[in-house]
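> Pasting a predicted model and its sequence here:
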Amino acid sequence: MRLPLATLEVFTAIARHGSLRAAAEALGLKPSTVSHQLKTLEERLGTALFVRTTRSISLTEAGRALIRGAGPAFDQLSEAVESARTTGHVARGTLKLAMPEFVYHLFVSPILKSFCAEYPEIKLELSLTDALSDILSEELHAGFRLGDRIAQDMVAVRLTQPLPVAVVASPDYLSLHGTPETPRDLLQHNCIRYRFQSSGHIAPWDFQSDEGDYSVDVQGTLTTNILPASVGLAKQGLGLAYTFRAYVSDDIRAGDLSSVLEAHLGQTPGIFLYFPREYRSMVPLRLFIQHIKTQDLP
């Protein structure tokens, strides 16, 4: 038997409000409609649910059995409907974001304390990965990436201007192996390469000149698939790393890393946040975007 939800809702209202008229007012229906729905339900069940007199209405044994199960069930249904109505439309709920680790360290981590203080009812779930996330299949709300080349059904919001890159090594490494003067000199050095998690390709080391942009096919004994590991290996003196300058600026100032080939380096596209068009009105996401754009980003 299919659940007669409409008639069960009427039955529950009558049981809780004590009369057909009061149930009709609560549901916004005509008393005659409520009476008809109750009659239909009793006919389907083959039993009376109320004992009705001219002055009162009371539950039968069958009615009491039904309200014990239907009452809590309708409470849960009402809560679920209200949750669906308000989810994404108020400053509370869960916001699930995917981001590379360098984005977390550079742009997200510094603003989390102030965001959580301002919006304590918004729960953040952060998925840190350098792989390109399929936010729909992974049930995420938004993701971060370099550049705005995304699927047509997504919205891209620019968060930063283009980001300068850097080639860095520890002072100890440069003391032992020399400092490259041109990008071609990198072919004589141990370069810590980065492999994209999604495609499996090795990231190019791009440079610029008067003749245009070009890449150097660097080689080395170490390859990672997360940027923090590449920088960490460079700080240990194990080779040169190609990264975002903002990511290693503190290490350069502290003397843990030295920047080389600066005259030959360009920029990468800025950081964009992307999300499905259906989430444009999602309040937690909108508040997060507004908050991060008001900060002093690198």
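Nice, thanks for sending it over.

> From Asp217, how far off is Pro204?
8 Å (CB to CB, to the nearest Å). From N, CA and C alone the C-beta is placed, and that goes for glycine too.

> neighbour count winner among the two?
The neighbour comparison of Pro204 against Asp217 (other CB atoms under 10 Å) goes to Pro204, with 14 against 11.

> count of neighbours near the closest residue to that one other than its chain neighbours?
Once flanking residues are discounted, Pro204 sits nearest to Ser215: 4.2 Å by CB to CB, 6 or more residues apart in numbering. Counted with other CB under 10 Å, residues neighbouring Ser215 total 11.

> doesn't Trp205 make contact with Ser215?
Yes - look at Ser215 against Trp205 with CB atoms under 8 Å: they come within range, at 6.2 Å.

> Buried by neighbour count: which residues of stretch 278-293 qualify?
Buried positions in stretch 278-293, judged by neighbour count with 16 or more other CB atoms under 10 Å: Tyr279, Met282, Val283, Pro284, Leu285, Leu287, Phe288, Ile292.

> Dump the C-alpha coordinates for stretch 204-213 into CSV.
Provided in CSV are the C-alpha atoms of stretch 204-213 (Å, rounded to 0.1, in the frame of the first residue of the first chain):
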residue,chain,number,x,y,z
PRO,A,204,56.5,22.4,-16.8
TRP,A,205,59.1,24.9,-15.6
ASP,A,206,58.0,28.0,-17.7
PHE,A,207,60.2,31.0,-18.3
GLN,A,208,60.0,34.2,-20.4
SER,A,209,62.3,36.0,-22.8
ASP,A,210,62.2,38.7,-25.4
GLU,A,211,61.3,36.0,-28.0
GLY,A,212,58.4,34.7,-25.9
ASP,A,213,57.6,32.1,-23.3
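
> which outside residues touch that stretch?
In this structure, residues lying in contact with stretch 204-213 by CB atoms under 8 Å, 6 or more residues apart in numbering are 165, 167, 183, 186, 191, 214-218, 242, 261, 264-266.

> And Thr7, how close does it get to Gln37?
Counting by CB to CB, the gap from Thr7 to Gln37 is 5 Å.

> Which of the two has more residues huddled nearby?
More neighbours surround Gln37 than the other of Thr7 and Gln37, with 24 against 20 (other CB under 10 Å).

> got a list of what the more buried one touches?
Ala6, Thr7, Val10, Phe11.

> could you redo the last one with a cut-off of 6 Å?
By CB atoms under 6 Å, 6 or more residues apart in numbering, the contact set of Gln37 is Thr7, Val10.

> Buried residues in whichever strand or helix holds Arg253, which are they?
Element membership of Arg253 [criterion: DSSP states H and E] is helix 245-254. Within helix 245-254, the residues scored as buried using 16+ other CB under 10 Å are Arg245, Ala246, Tyr247, Val248, Ser249, Asp251.

> again with stretch 42-58
Applying 16+ other CB under 10 Å to stretch 42-58 flags Glu42, Leu45, Leu49, Phe50, Ile57 as buried.

> Tyr247 and Pro31: what is the separation?
Tyr247 is 70 Å from Pro31, by CB to CB.
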